[in-house]
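# what would the 3D arrangement of this be:
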Amino acid sequence: MSSELFADGTLQLLEKSLTWRSVGQETIASNLANLETPGYTSQEVNFAKVLKDHLQGRPGIRLALTNPRHLPGAGSKAGLVQDTHEPPDLDREMVNLSLNQLGYHTSVAMLIKKLEQLRSVMEAQK
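This is a model prediction of the structure:
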């Protein structure tokens, strides 16, 4: 049973979810910081699309390091952030912030439950 707890991919998916939510937080913060910037268009992370792509085996774009002296690329943000082609709107950004925080806290709660399951199994096998 203990191998099933690790093999189901839940921990990896929750890790990715927290990463995606962190990128979402950074994106929303950038939009809020640029509310008054002329010509700035807001960015967004479409969490549903990112999750669907991940579950279908299509991870975000990754940059290849072909030389050890190359600087690492955008990493976790590559392929996640999209331009909305609209100026940022305070009300919309605050709604997005609330939804993103709710998703983050939900992922953390699920991670805690999963870790409690793992601890339970390990203690039962002592």
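# in this protein, which residue is most central in space?
residue 20 (0.7 Å; CA atoms, centre = their mean).
# any idea how far that residue is from residue 33?
20 Å (CB to CB, to the nearest Å). All C-beta spots, glycine's among them, are computed from the backbone N, C-alpha and C.
# and if you look at residue 98?
18 Å.
# which elements pack onto whichever helix or strand the residue nearest to the centre of the chain is part of?
Element membership for residue 20 (DSSP states H and E) is helix 10-33. Helices and strands touching helix 10-33, by 3 or more CB pairs under 8 Å, 6 or more residues apart in numbering; DSSP states H and E, are strand 43-45, helix 47-55, helix 90-124.
# so which helix or strand of the protein has the lowest pLDDT on average?
helix 2-7 (a mean of 63; mean pLDDT, DSSP states H and E).
# could you tell me how many residues sit around residue 119?
When neighbours are counted by other CB atoms under 10 Å, residue 119 registers 10.
# contacting residues around it?
Under the criterion of CB atoms under 8 Å, 6 or more residues apart in numbering, residue 119 has no neighbours.
# from now on call the first residue 344
Sure, I'll start counting at 344 from here, so that last one is residue 462.
# right, and residue 361 touches residue 454 too?
Yes. Using CB atoms under 8 Å, residue 361 is in contact with residue 454, at 7.4 Å.
# before we move on, back to that, got the angle between the helix holding residue 363 and helix 433-467?
160 degrees (axes from the mean of the first three to the mean of the last three CA atoms, to 10 degrees).
# and the pLDDT at the closest residue to residue 368 other than its chain neighbours?
With sequence-adjacent residues excluded and distances taken as CB to CB, 6 or more residues apart in numbering, residue 368 is closest to residue 443, at 5.9 Å. Note on residue 443: pLDDT of 96.
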